[in-house]
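**Student:** pasting the structure only:
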């Protein structure tokens, strides 16, 4: 009999729904982005470097860059395939928005509008699903001694694009962008509260001036009680936008669509206020969190068109069939565009220690599951086997007890060494980068 020499640390729970999974990292990690393959990016300390977390192996890799803090802004988000990450880095003049290449393990500074406050020039807040557009903000003018920022976008053809502002001297910022970079959302400042802002690409390749999202499309566009709050998320197809609840919506987070208009997502707390952290590709599902009060724990939510808003803890237990035990989820920070992975943090109700989690909503993709459809050879295997694959995918080996013993991102055909894995029956799962197909096959190791 062969011995298993690889020990995977962490907390795995599988449900009866195919691929539903709850993986815990037993230390705090501020997760900000997640790819369609389930890779998580974020940071462990305020103003610290960015890191990536691979839940299956519990490996945390420092990728550097500049996480938020000490006057530096930005957020790390993955492109859908996991090849690129948005963020901020130390550029030649100072901190600037940047893009990280996970293949070359390197950051590239994307520039700024040429102005700075405290030595900070710009910050990257999100990246398009195809990885070709990065959005954020940049100081726009400091000649009068007043610092304000303009939302900006970057692509390889045009470089930095100033998205502007509706009011001179009032700041804007881009928070999110859809999969092909055609629609960007964020906020516009005017009278204190940040309100919705949407920039749409025009025929000439630039972006039109930003527009407010309105509760009543026939009402006044200048009435702050008719303007929806800051936009924080957008669906991959660009048709659905989500954001903060403010006084205009009694704190309730929202979704908005050109056809459906304003959609009130409701609330999990009588006096709570919340926001949408992520939306899947077609807008049928969204996640976020509700702030109850300054000293109360946050409430994570998942919203579906059929079920409305639900506490994510209840959803995991009652819908996915996963018991999280003493691990209570407090936030849903990010959501993969394929609608499969959620990441955030929580607190153990026994030890009172923070943890980070990744929840896989495997039941959403069971219609794509086909047993014995994957081509692997030789099978039975002794020392190695090869998975036939085109493009980029995530491959997992899972034992009969549901424990993940191997995980890797693969490009094309991939040969896996199993010489140190104990003989027995295993499941091989292959998930494409866009989650168009999930395949599972049985593997026998002799």
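**Tutor:** Good, I have the coordinates. Note that the structure is predicted; figures quoted are calculated from it, not measured.

**Student:** ends of stretch 187-194, how far apart?
**Tutor:** Chord length of stretch 187-194, first to last residue, is 6 Å (CA to CA, to the nearest Å).

**Student:** nope, stretch 119-128 is what I was after
**Tutor:** 27 Å.

**Student:** just the mean pLDDT for stretch 168-181, thanks.
**Tutor:** Across stretch 168-181, pLDDT averages out at 96.

**Student:** so which bits of that stretch are buried?
**Tutor:** The neighbour-count check on stretch 168-181 (16 or more other CB atoms under 10 Å) flags 171-179, 181 as buried. In this view, the C-beta of every residue, glycine as well, is placed from N, C-alpha and C.

**Student:** looking at those residues, which one is closest to residue 211?
**Tutor:** Nearest to residue 211 among the buried residues of stretch 168-181 is residue 172, at 11.9 Å by CB to CB.

**Student:** what's the burial count for the closest residue to that closest one other than its chain neighbours?
**Tutor:** In space, residue 172 comes closest to residue 151 once its chain neighbours are excluded; the distance is 4.2 Å by CB to CB, 6 or more residues apart in numbering. Residues lying near residue 151 (other CB atoms under 10 Å) number 29.

**Student:** picking up where we left off before, make JSON lines from the buried residues of stretch 168-181 and add distance to residue 48 and secondary structure to it.
**Tutor:** Below are the buried residues of stretch 168-181 laid out as JSON lines (distance: CB to CB, whole Å; DSSP: H, G, I helix; E, B strand; the rest coil):
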{"residue": "171", "distance to residue 48": "26", "secondary structure": "coil"}
{"residue": "172", "distance to residue 48": "27", "secondary structure": "strand"}
{"residue": "173", "distance to residue 48": "22", "secondary structure": "strand"}
{"residue": "174", "distance to residue 48": "24", "secondary structure": "strand"}
{"residue": "175", "distance to residue 48": "22", "secondary structure": "strand"}
{"residue": "176", "distance to residue 48": "23", "secondary structure": "strand"}
{"residue": "177", "distance to residue 48": "25", "secondary structure": "strand"}
{"residue": "178", "distance to residue 48": "30", "secondary structure": "coil"}
{"residue": "179", "distance to residue 48": "29", "secondary structure": "coil"}
{"residue": "181", "distance to residue 48": "29", "secondary structure": "coil"}
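
**Student:** so residue 248 lies in a helix, does it not?
**Tutor:** Yes: when DSSP: H, G, I helix; E, B strand; the rest coil is applied, residue 248 is found to be in a helix.

**Student:** related to what we said a few turns ago, give the contact list for the residue nearest to residue 172.
**Tutor:** 135-137, 163-165, 172-174, 184, 186, 197, 199, 210 (CB atoms under 8 Å, 6 or more residues apart in numbering).

**Student:** could you identify which of those residues has the most neighbours?
**Tutor:** Ranked by the number of neighbours (other CB under 10 Å), these place residue 136 first, at 32 neighbours.

**Student:** that'll do, ta.
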